[in-house]
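Undergrad: Whatever this is, show me its structure:
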Amino acid sequence: KEYLKLMPASAEEAKRKGNDCFREGRFEEAIRLYKESLRLIEDDTALKATVLINSAEAYRQLGEYEKVIDQCNLAIDLQKGSAKAHLRRGLACEKLEKYDLAQSDFKTVIELDPTNHIASSGLVRCAKVRQLASKSAF
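TA: Now for the predicted structure:
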């Protein structure tokens with residue numbers, strides 16, 4: 001019975017508890033709660049996309065960049081114009097040295113949110129890496 005009291009009763013509650021864990025730096029627990037939230041969501045695609053994006057950030061904090069990309073891909077399938085999903089996927093691609101993909105995501109973020117400084121900085125970093133790579137090829 002005690003265990004059942006700890007289980008979230010709704011997708012929103014699971015998401016909220018996941019966010020609390022995230023803020024406390026308990027990323028694995030946050031991911032577990034985000035998974036539970038996703039399990040409980042029925043037809044709310046906006047909520048599902050938000051939970052996937054939150055989950056992606058928790059994976060990013062753990063350095064699990066392939067999982068970040070997977071979560072963001074699912075979120076983008078649900079919500080094409082999600083600047084956060086593109087940003088997080090771009091940051092993960094950059095860490096995995098997939099600079100072309102990262103650059104594409106950063107450009108998308110800037111189109112969606114021209115004031116996004118994180119995407120602007122990422123775009124500059126990717127351009128520098130690509131410039132250095134082209135110079136060393138000669």
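Undergrad: Excluding sequence neighbours, find me the nearest residue to G63.
TA: Excluding the flanking residues, the one nearest G63 by CB to CB, 6 or more residues apart in numbering is K95, at 7.8 Å. No exception for glycine: its C-beta is placed from N, CA and C like everyone else's.
Undergrad: Also L78?
TA: A49 (4.2 Å).
Undergrad: Check which helix or strand the one you found maps to.
TA: Taking DSSP states H and E as the definition, one finds A49 inside helix 45-61.
Undergrad: name the helices or strands packed onto that helix?
TA: With contacts taken as 3 or more CB pairs under 8 Å, 6 or more residues apart in numbering; DSSP states H and E, helix 45-61 sits against helix 11-23, helix 27-40, helix 65-78, helix 83-95.
Undergrad: what about the last one, average pLDDT?
TA: Regarding helix 83-95, the rounded mean pLDDT is 98.
Undergrad: Past it, which element shows up next along the chain?
TA: Downstream of helix 83-95, the first helix or strand assigned by DSSP H and E is helix 99-112.
Undergrad: Identify all contacting residues around that following helix.
TA: Surrounding helix 99-112, the residues in contact under the criterion CB atoms under 8 Å, 6 or more residues apart in numbering are 81, 83, 86-87, 89-91, 93-94, 116, 118-120, 122-123, 126-127, 129-130.
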